[in-house]
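Participant: sequence and predicted structure are below.
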Amino acid sequence: MLLNHQTSDMKKVLLILCIGAFVTVFASANNADLFTYNADEVNQELAQLQNLEDYVSANPGITLTNLQSENNDLVANLDLNLNNLGGFALSGEPPLGIPSFLWGCVFTVVGVAVVYFITDQDMAETKKAFLGCVVSGAVYVLWWVFWVLVFGNTFWYY
C-alpha cells in the first residue's frame with residue numbers, strides 16, 4: 001500500500017517537471033530573430049576573406065601575422081582572433097570553455113573522447129579528462145560499496 005502511494009506521488013512530481021520543461025521550451029521558442037541573418041552582410045565578409053586568401057596565395061611567404069603587423073588594408077576590417085574558433089579550444093585551453101576534468105567526470109569515456117578530438121589530440125587535456133573519468137568511476141564504486149555495507153542483502157528485496 002505504501003509503495004503504491006509513493007509511486008503515485010512520484011508520477012505527479014514527474015508530470016509537474018515535464019509540464020514545467022515544456023512551458024520553458026515553448027516560452028523561449030518564440031525568439032525567431034535568433035535564427036535570422038543578413039545574407040548580404042555574410043557575403044560581404046566572405047568576399048573580404050576571399051580577397052585575403054587570393055593575396056596570400058599569390059604571394060608566397062606572406063603570412064597573416066605579416067599583414068597584421070604592416071596594418072595592411074586587407075586585414076584592417078577583419079576580426080582574425082585565431083585563439084577562439086567558435087568555442088573550440090586551441091593549445092592547452094579546455095574544449096568549449098569547460099574544464100577537461102569535468103568532461104571526463106560527467107560524461108566518462110564519451111567526455112574523454114570529446115576532449116581528445118576537439119583539442120586536436122592535446123594529451124595534457126586528455127589526461128585531465130581521463131583523470132575525471134577515473135574519479136567518477138571510483139565514486140560510483142564507492143557509492144555501491146557503501147550501500148552494500150549499510151543495507152547488505154536486505155537492500156535488494158525492496
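Facilitator: Perfect, I can see it now. What you see is a predicted model; the values in this text were computed from it and never measured.

Participant: just the buried positions in the strand or helix carrying Gln48, please.
Facilitator: Using DSSP states H and E, Gln48 sits within helix 39-58. Residues of helix 39-58 classed as buried under the neighbour-count rule (16 or more other CB atoms under 10 Å) are Leu52, Val56. (Glycine included, C-beta is placed from N, CA and C.)

Participant: helices and strands around the following helix or strand past that helix, which ones?
Facilitator: Sequence-wise, the next helix or strand downstream of helix 39-58 (DSSP H and E) is helix 64-69. Counting contacts by 3 or more CB pairs under 8 Å, 6 or more residues apart in numbering; DSSP states H and E, helix 64-69 packs against helix 39-58, helix 73-76.

Participant: give me the residues contacting the helix holding Gln48.
Facilitator: The contact list for helix 39-58 (CB atoms under 8 Å, 6 or more residues apart in numbering) reads Ile62, Thr63, Leu64, Leu67, Leu74, Val75, Asn77, Leu78.

Participant: pLDDT weak spots in the chain?
Facilitator: The chain contains residues with pLDDT under 70 at 1-8, 24-35, 78-93, 153-158.

Participant: tell me where it has helices.
Facilitator: Listed in chain order, the helices found in the chain under DSSP state H are 2-28, 39-58, 64-69, 73-76, 100-118, 123-151.

Participant: can you tell me which of the ones you listed is most buried?
Facilitator: helix 100-118 (a mean of 20; mean count of other CB atoms under 10 Å).

Participant: and the contacts of it?
Facilitator: Against helix 100-118 from outside (CB under 8 Å, 6+ apart): 88-89, 94-96, 119, 122, 125-126, 128-137.

Participant: hmm, try it at 6 Å
Facilitator: Outside helix 100-118, the residues that touch it by CB atoms under 6 Å, 6 or more residues apart in numbering are Phe88, Pro94, Pro95, Glu125, Thr126, Lys128, Ala129, Phe130, Gly132, Cys133, Val135, Ser136.

Participant: want to throw those into TSV with distance to Leu49?
Facilitator: Formatted as TSV, those follow (distance: CB to CB, whole Å):
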residue	distance to Leu49
Phe88	18
Pro94	28
Pro95	25
Glu125	29
Thr126	32
Lys128	34
Ala129	33
Phe130	38
Gly132	38
Cys133	39
Val135	43
Ser136	42
